Structure formats: C-alpha cells, structure tokens
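# how would this look folded up:
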Amino acid sequence: MTNLNTLVGLSNKPISQDLNLALKHHAQALGINIQPLEIKGELSPYFSARWSISHQLLSETRLAMRELAASHNTDLAFLPPNFQSSNIKVLAMDMDSTLINIECIDEIADFAGKKAAISEITEATMRGEIKDFKESLRRRVALLAGVSASVLESVYLERLQPNPGATELLAGANERGLYTLLVSGGFTFFTEKLQLKLGFKQAQANTLEIIDGKLTGKVLGDIVDGAAKASYLDQACVAMDCHKYNAITMGDGSNDLLMMHGSGISIAYKAKAIVKEKADAAFDRVGLDATLLLID
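Here you go, the predicted model:
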C-alpha cells in the first residue's frame, strides 16, 4: 500500500530497461517524479514491472504513457493511492468481446444472413454513437425474427471461445474468494452456459423470446443496459458488505462505463477508445488473467 500512484506494466515478453528510461524521461519533461519499484521476471505467463508516480495523471498523460509502453510491447495499469489488493471483494465483467471472442448477436445474425446490418448497429453502440442501448438492442433483435432457435447452439459450439486467460482469471478469482459476476447486454442462453463452465457466482443478461422453436424478434423483461450493469454490481457489493471501490470491473464498450466508473480497478480489454481513455488499465496484449497480478 502506498500514498503514491502506482504504475504497473504487464507484458508477454521481458520488460526492458529501455521502457524504464523512456517513462522516466517522459515524466521528467512533465515535472513528474517516477521511481521504479520492481521489474519482475516471468510470472506465468507474464512479465511485470511497477513504478511509483508523484502526481495524479491527466487522461492525456496516461494516454501518452500507454502509447510509449505500447512501443515496448507492454500494457499499463494505473493504481490509485493507498490501493490495497486485499480489499478487493468483487470481480464484475462484460461478456461479448470481453470474456469471449465474439459479439453473440452478430454471429446469430451471420447464420441468418443479416450480420452486416446488425454489426453496424453493434459497433456504433459500443463506440457510444448510439446512446440508447435498449433501443439499439431492440432494433438488432427485431432483425432476428424468424431465425431458428437452434442457431444459438450453433453459435455457442462453432463460434464462441473464451478470450485468452478467461479460465485462469475465474479460477484465480474464485480461489481468492471474490464474488464473480458476469453481467451482459447479451443473452442468457450464453451467460448461463459460461457461468457453469467458468464458475461465475452470478450471471445476468437478456432473455430472447422463443416461440415454436423460432426467435420472435423480442426480448423478454427489462433489458440489461449500462445502468442495469452498474446496478447489478452495486447489489453484489452490498451482498459482500463492501463498496464499489472494492470491485474490479472489466469491459470493452461504452455500455460498460457506468459499471466501471468508481470501481477499485477498471480494466478495458481490447476496448473501444472511449473505454480505454477512462479505464485504469488497458489490456491489448496480455490476457484476462493478467488481472490477477494487479491484486497479488
């Protein structure tokens, strides 16, 4: 624990002294004092380095440091002052393109020959260009009316894969006693399977209406949007008798930002620019399980 900000570098390759020097020179030019704390060897399968930073950094400074680290094949995380890993009680994460490698609705649409139309709406939504996620989801799901429900199983078996490090992250989080929450604007068909496979304590998502073996183009019940994701995280924190700053949150799209804001560590995984800008950590090279190095 430190009253200084801590910068953590994570990489699939040994972290060079060149990065240490580059960060030092960059910080000095800004009047910021940066001191190396440790540069570790391989931590199965990652390499890690830490620095203390004398100032709270502006978003443009963090972006510049990330770009500098990227040129040395390293991802960066910025830990707040007085951060104590033992206080982390909850792990909450998005599903599509965060936990798993696909946007499920886009792949369902692909089987129906409608992927281009739906993907366009999905991308605009994740970039934050379509502000109302509920309306966005209704528009996309409506295009799936008449599609056989068997397509869902085909997507799960043929297209869906957990992203690198997902299994290890969940195993490590559960071993540490964290409350693991999968909260998705996607569909319960997939979250329920992943909950069983990976060991999430709780999973929340949207339910597709199916009648006579076909999708009706409607979603049952309230839609899980950004506000709902944040609410489910708050409820998990209440259940664990802790605050939101005792949680790690992970996402890739703009509808994850409410959930991520104010959490102990927010992690953008191969995320849209708007999410990287606001997140404490941006993982573009390391897998999901690198998260565990932030709380060890």
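# For His26, give me its contacts.
Ala64, Met65, Leu68 (C-beta atoms under 8 Å, 6 or more residues apart in numbering). For the C-beta atoms, the positions are set from N, CA and C on the backbone; glycine is no exception.
# Check which helix or strand the first one maps to.
Taking DSSP states H and E as the definition, Ala64 sits inside helix 59-70.
# Next up, the contacts around the residue of the chain positioned farthest from its centre.
The centre of the chain is farthest from one residue, Asp212, which by C-alpha atoms, centre = their mean lies 35.7 Å away. Applying C-beta under 8 Å, 6+ apart to Asp212 gives no contacts.
# Strands along the chain, start to end?
Counting by DSSP state E, the chain has these strands, from start to end: 5-11, 34-43, 46-53, 75-79, 90-93, 179-187, 202-211, 214-220, 247-251, 265-269, 281-283.
# roughly how far out does the shortest one sit from the chain middle?
In other words, strand 281-283. The chain centroid and the centroid of strand 281-283 are separated by 9 Å, computed with C-alpha atoms, centre = their mean, to the nearest Å.
# What's the ChimeraX line that selects buried ones from the contacts of His26?
Of the contacts of His26, the buried ones can be selected in ChimeraX as follows, counting by 16 or more other C-beta atoms under 10 Å:
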select :65,68
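# So which of the contacts of His26 is the closest to Ile53?
Nearest to Ile53 out of the contacts of His26 is Met65 (C-beta to C-beta; 9.3 Å).
# Spatially nearest residue to the closest one, not counting backbone neighbours?
Distance criterion C-beta to C-beta, 6 or more residues apart in numbering; nearest residue to Met65, sequence neighbours excluded, is Leu76 at 6.1 Å.
# Was I right to think Met259 contacts Ala92?
Yes. Using C-beta atoms under 8 Å, Met259 makes contact with Ala92 at a distance of 6.3 Å.
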